[in-house]
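**Q** model the structure of this input:
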Amino acid sequence: MVLKILIFPLLALFLSSGCSSDDGRPADDGPQGGSGGGSPQPEYADVSVVSFNIRVDNSAQDGANRWSERRAAAVNMLQREKPIVMGLQEAQAHQITWLARSCTDYAWYGLGRDTGTPPPETDAYAREETMAIFWREAEAELLDKGTFWLSETPGEVSKLPSADYRRTCTWGLFRLRATGTRFYFFNTHLATETIPRGEQIGILIANMKRINDKRLPAFLTGDFNAETDEAAFAPLLAYLSDARAAATLSDNRTTWNDYGQAAGSRKYDHVFFLSGRCVARQFRVLTDDYGAPYISDHYPVKALFGLQK
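**A** Model prediction:
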């Protein structure tokens, strides 16, 4: 059985977790190292990813939790956690600009969901949201990239008739500089309503399979506005594994906090993964003190994986 714990030592020796099988589902646990007289065991390279709904800049509604009071904490989180790749949701151009200027060891990519164009570098308030991807350039090289819309016409700026807003998925194909291992990273933000959310999941899966037709290791991050026990997640969980459920060290805390006002369990932020060459080692909800009472109305989540070299 995979051991679930809620406290993570900073320097933990991680036990190997179940590795995905060829269809992307968790396989039975097995030894990942040592000779034991059998065939050589594979070696793994660490890959850390973060999903972070940064929360739009809404000063009138957020008061003391407005972006100007949280932005330094957002930088502190990124500099302290040092993920190789991070997916942002609700990111506006001036927020992306702030992070990019403050964390120069990261590059980023994304297209605005309403215009389909790259967000400008700006200090001024910008309304449009982008599902941006940030990556640490010293550790990962971007090989390919793209954006598709969660609609009946994914290649065009569009939305489902049933959806509240235009919703996108940003993706990148990366190569680890240390090992040459390639992987895909997808980042999205789904609707708040159940019916379009189910439709969007179907579109998401179809396009992930189309883009990653060689079934390379892949990660999916995002604010899904629902927990994984919702019926709409069944097709997604048939294709990908949930890092929260699969990781050897895991964390069952809520992620949507509404600046301390949310009641009950609201685990809306997720990391999923695909590959028979991937081990989920750790999943953690980032509730640390980064310099503000709340870094956002969502806590970021971080997952650590081993990718077979």
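**Q** tell me if Ala73 really is in a helix.
**A** Yes: counting by DSSP: H, G, I helix; E, B strand; the rest coil, Ala73 falls inside a helix.
**Q** ok, it - how many residues close by?
**A** Other residues within reach of Ala73, judged by other Cβ atoms under 10 Å, total 18. In this view, the C-beta of every residue, glycine as well, is placed from N, C-alpha and C.
**Q** for this protein, what's the longest helix?
**A** Identified as the longest helix of the chain according to DSSP state H is helix 194-211.
**Q** which positions within the following helix or strand past that one qualify as buried?
**A** Downstream of helix 194-211, the first helix or strand assigned by DSSP states H and E is strand 218-223. By neighbour count with 16 or more other Cβ atoms under 10 Å, strand 218-223 contains the buried residues Ala218, Phe219, Leu220, Thr221, Gly222, Asp223.
**Q** out of the residues you listed, who's nearest Ala178?
**A** Closest approach to Ala178 among the buried residues of strand 218-223 (Cβ to Cβ): Phe219, at 17.5 Å.
**Q** if I read this right, that closest one contacts Phe183, doesn't it?
**A** Yes: taking contacts as Cβ atoms under 8 Å, Phe219 lies within contact range of Phe183: 6.8 Å.
**Q** identify the contacts common to these two.
**A** Common neighbours of Phe219 and Phe183, counting by Cβ atoms under 8 Å, 6 or more residues apart in numbering, are Val47.
**Q** Asp57: which of the buried residues of strand 218-223 is nearest?
**A** The closest of the buried residues of strand 218-223, once distances to Asp57 are taken by Cβ to Cβ, is Asp223, at 16.5 Å.
**Q** what's across from the closest one in the sheet?
**A** Note on Asp223: beta-bridge partners His189, Asp269, judged by DSSP bridges.
**Q** assumed Ala107 was part of a strand.
**A** Yes: counting by three-state DSSP, Ala107 is part of a strand.
**Q** show me where pLDDT drops low in the stretch 1-150 of the chain?
**A** Low-confidence segments of the stretch 1-150 of the chain, defined by pLDDT under 70: 1-39.
**Q** what segments of the stretch 51-200 of the chain are helices?
**A** With DSSP state H, counting those that start in this stretch as the criterion, the stretch 51-200 of the chain has helices at 59-62, 67-81, 93-102, 194-211.
**Q** would you mind extracting the C-alpha trace of the longest one into PDB?
**A** Taking Å, rounded to 0.1, in the frame of the first residue of the first chain, the C-alpha atoms of helix 194-211 are listed here in PDB:
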ATOM      1  CA  THR A 194     -20.500  20.700 -14.200                       C
ATOM      2  CA  ILE A 195     -21.900  20.300 -17.700                       C
ATOM      3  CA  PRO A 196     -19.200  22.300 -19.600                       C
ATOM      4  CA  ARG A 197     -16.500  20.900 -17.300                       C
ATOM      5  CA  GLY A 198     -17.300  17.400 -18.500                       C
ATOM      6  CA  GLU A 199     -17.300  18.500 -22.100                       C
ATOM      7  CA  GLN A 200     -14.000  20.300 -21.600                       C
ATOM      8  CA  ILE A 201     -12.400  17.200 -20.100                       C
ATOM      9  CA  GLY A 202     -13.300  15.200 -23.200                       C
ATOM     10  CA  ILE A 203     -11.800  17.900 -25.500                       C
ATOM     11  CA  LEU A 204      -8.700  18.100 -23.300                       C
ATOM     12  CA  ILE A 205      -8.100  14.300 -23.500                       C
ATOM     13  CA  ALA A 206      -8.600  14.100 -27.200                       C
ATOM     14  CA  ASN A 207      -6.100  16.900 -27.900                       C
ATOM     15  CA  MET A 208      -3.500  15.600 -25.400                       C
ATOM     16  CA  LYS A 209      -3.600  12.300 -27.200                       C
ATOM     17  CA  ARG A 210      -3.300  14.000 -30.600                       C
ATOM     18  CA  ILE A 211      -0.300  16.200 -29.500                       C
END
